[in-house]
Each structure stands twice: as C-alpha cells, then as structure tokens.
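1. Okay, sequence plus prediction incoming.
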Amino acid sequence: MKFNKLFFAAVAFATLAMVSCKKDEPTPVIPTPEDEEVAPEMPQIAAPAAGKTTIAIYAEVCPRGAYLVGSFQGYNPSDDSFSFEKVEGTEHWYAVTIDYAADLQAKAIARPSDTDVALAWDYQWGKNHDPNDANCEVEEGKDNTVILGGTGDWVFENGGQPKISAVADGGVVYIWVKKWAASPVIEAKKLETCWCKSNLNGKDWAWYEMTPKGDGLFELAARWGGSGLNINSEGKDDGAAWYQDPEKVGDVEAGDSVLISFQSEKMAIGKLTLTLIEKGVPAPAVPAGHGIFTIKILNREYAAGDKCIFTGNFEEKFWADSDREMTYDEAAKTWSWEGDFPENFEYKVIYNGQWAAGDNVKFDGETFGHEFEIQD
C-alpha cells in the first residue's frame, strides 16, 4: 500500500479519480458525501535535504504537543526528545525531521495534558484496520491514522497499531491523526466503570469487569498471574493504562488469591493495590540462570542489516525497552543470545521493530530454543 499515488473519492457513490501526489505538491483528500469528516488541507512543507526525512501530522487534540519514537531511538516511549514542532502558518499541523533510514519505522505519541502523568505508549496515534489480523478491533474504512500525502506505508502490530515505514529520503509524509489510542487530555474525574486486563486465574490475558464500591473505587477477587495489569473504563485495549508493578499488601506472589483494588483519581490514572487473601499452591519456580537462547524465525528471510532483539521480563530493559541484539547464524538460519535471565523467565523477540506473534514463551528451565512467526 504505497502512497506515491492516492485514490480519492470524487463523485458520489460511483466514480473514482486517481490523483498523482508529487513530493512537493501534496494533494488534498476529497471525501465522499458519506464521510462525516473532512480531511484537513495539507500545507506546503519544504522537503528536507538528502539523508533526512520529515514526518508531518495533523492532530486537533494535542495539548502539550507530540513526539516521535521508533527504530531510530530504541522504541523508548519515555524519550520525547524528537519533538514535533508547529508548522508555521497552520492550525494543528506539526512536523519533525530526522535522519533517513531505509528500514525506518516510527509512530507519534502525544504528551498527556497533566504533567503528573507519565509519557507512555497509551497515547500513541490510534489504531487502524489490519487486514492480516483477524482479532483487529478496527473495522475496514474506520482507520484512526491516515496517510494523506507523500511517500509512506504502514506496518502493523498489536491488533492494528500502525508504524510509518517506507518513507522517502529527502521527502515529506503527511499523516492525519484523527484519534489517539487514549486521549491525552487527562480529565480530573473518576471512572464510573472499570475493567482490568491481566493473566488472572491461570488463564491467558483477558478483560475482567471490576465491581464498583463508590467514589471511584473498584474491586475484583482473582488469582494473581504476576504480570501487571491494564486498566480501562471498558474492556478493550485502546486507552488502557498500564500498571507494571502494583502496590502489594502482604506477601503476594503469582498464584495467590488476591483482592485487586483500583482507586481512580483521573480516569484510568490512579492507585492499584493487590491485597493477599490466601496463599496459593505455588508452582515450582524456574530458577534464574545463564544460558544461550536460540531462535528461528519462520516467516522472514534474513537480509543484511536485519535486527532481532531478545526481550522478556528482565529486571532492567524489559520488553519494549530491550536492546539485546541477537546474533545470526547464516548456516543454521537461527538467531542466538547469551546472557543472564531472571527467575520464572518469559521471553519474546522483536524482528526489525515488529513483535513476534502469539503469547510469551515461558522458559521451563531446560528448553533454550523456540520458533517464532513475526506479526505481518
């Protein structure tokens, strides 16, 4: 889906006109009469020099601006140094210029309006329809982030989260952010309904509705899975706040029966507490150790410059923050990483910025090899 040429609806219900988009002459989108939204007019932004690329976004809701994260800075959502700047003479248009790379993948994140709220993936630009993901919640034609002009393509992950890729060297790509994954406008009011998502009760990740107790307090009794929780006003991923390490009352461990309490302060921002009800019968812990993990990627052909990142529930640089590059063995067509791993280790890989599909691998203490498919 390249956007060197864009197809725009020009005649009601039937006729389609194809309009070529030159790099320096962006062409506005002409919506069909059925569209409720009118696409914004694109400004003329001067193309950067060779070796650079400019990403411009239109976002009406951007209380403290936005910033770009991606393959060029380690996918660190707390690093807002690559900031979008307002495009002079426009309303709601912002742009950032970075070094060009053929394998660049990136996404925009809005800063929340409340400075007490941490910068997070929660506020990335909204999901799109991913035709290769049967579980994607976004319907076809209901994309939240739209390429209006210039050269660019989408790469999807996690149920339709888009990353901009295939941008032009010395070019500008224009993107309309209709909606952020979660609104960066942090309302100073408490939730009226609350759902949490985690690997509770010995099951895979799922949403659970919590019981309201009044004044923004919600509770749920469950068997703790040990992997953090998402909180939202409804049982879906968009707009959920992530709590990696809730406060614990008692010696709470995975498998214990706990009372999960969430005190909402500003919507999904608040205090999450786990109170021990009864100790579970713990599964034998898989001890920490040192080893060589060998991975095979089933649906990718290796090309020079490819990167495979080994990641997991490490104590430092865990999951998306990992920088543990694996080594490729051309003869065996496998990737390997050697190092220390924590107790009850779970892991996954990120290949050229895209996460492996499926659940995390739970290390059994003996099997150091695994096969992954990468999300399309």
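-> Alright, I've got the coordinates.

2. okay, CA-based contacts and neighbour counts for the rest of this
-> Fine.

3. Distance-wise, check Asp169 relative to Lys86.
-> Here the criterion is Cα to Cα, to the nearest Å. By it, Asp169 lies 22 Å from Lys86.

4. in the sheet, who's paired with Val349?
-> Phe310 (DSSP bridges).

5. Distance-wise, check it relative to Cys136.
-> When distance is defined by Cα to Cα, Val349 is 21 Å away from Cys136.

6. More neighbours: which of the two?
-> A side-by-side neighbour count of Val349 and Cys136, using other Cα atoms under 10 Å, places Val349 first with 28 against 18.

7. how about low-confidence regions in the stretch 201-350 of the chain?
-> 282 (pLDDT under 70).

8. The same query, at a cut-off of 80, please.
-> Residue ranges of the stretch 201-350 of the chain with pLDDT under 80: 237-239, 282-283.

9. mind listing the helices for it?
-> For the stretch 201-350 of the chain, no helices turn up when DSSP state H, counting those that start in this stretch is the criterion.

10. what about the strands in it?
-> For the stretch 201-350 of the chain, the strands defined by DSSP state E, counting those that start in this stretch cover 206-209, 211-214, 217-223, 229-232, 241-243, 247-249, 257-266, 269-278, 289-297, 308-312, 324-325, 327-329, 334-341, 346-351.

11. What lies in contact with the last one?
-> Residues from elsewhere that reach strand 346-351 (Cα atoms under 8 Å, 6 or more residues apart in numbering): 306-313, 355-356, 360-363, 374.

12. again, only this time at 7 Å
-> Applying Cα atoms under 7 Å, 6 or more residues apart in numbering, the contact partners of strand 346-351 are 307-313, 355-356, 360-363, 374.

13. How about the first one?
-> Contacts to strand 206-209, defined as Cα under 7 Å, 6+ apart, come from residues 194-199, 235.

14. Quick one: mark the members of those that sit in strands.
-> Per DSSP state E, strands hold the following members of those: 195-198.

15. May I ask which of these has the most neighbours?
-> Comparing the ones in strands among the contacts of strand 206-209 by number of neighbours (other Cα under 10 Å), Cys196 comes first, having 28 neighbours.

16. leaving aside the residues next to it on the chain, what's closest to it?
-> Closest residue to Cys196 apart from its sequence neighbours, by Cα to Cα, 6 or more residues apart in numbering: Ile231 at 4.6 Å.

17. Which strand residues bridge the one you found?
-> Beta-bridge partners recorded for Ile231 (DSSP bridges): Cys196, Ala241.

18. From Phe218, how far off is it?
-> Distance from Ile231 to Phe218, counting by Cα to Cα: 11 Å.

19. between those two, who's got more neighbours?
-> Ile231 (29 against 23).

20. pretty sure that one is touching Asp238, no?
-> No. The criterion here is Cα atoms under 7 Å, and Ile231 misses it with Asp238 at 10.4 Å.

21. Tell me how far Ser235 lies from Asp359.
-> Careful, residue 235 is Gly and not Ser. In terms of Cα to Cα, Gly235 sits 19 Å off from Asp359.

22. hang on, the earlier thing: show the contacting residues for the residue nearest to Cys196.
-> Residues in contact with Ile231, defined by Cα under 7 Å, 6+ apart, are 195-197, 240-242, 268.

23. could you redo the last one with a cut-off of 10 Å?
-> By Cα atoms under 10 Å, 6 or more residues apart in numbering, the contact list for Ile231 reads 194-198, 207-210, 237, 239-243, 262, 264, 267-270, 272.

24. partners of the residue lying closest to Gly70 once chain neighbours are set aside in the sheet?
-> Leaving aside its sequence neighbours, Gly70 sits nearest to Ala106 (Cα to Cα, 6+ apart; 4.0 Å). Under DSSP bridges, the beta-bridge partners of Ala106 are Gly70, Ile164.

25. one step back: how about the strands of the stretch 201-350 of the chain, which one is nearest Gln44?
-> strand 346-351 (35.2 Å; Cα to Cα).
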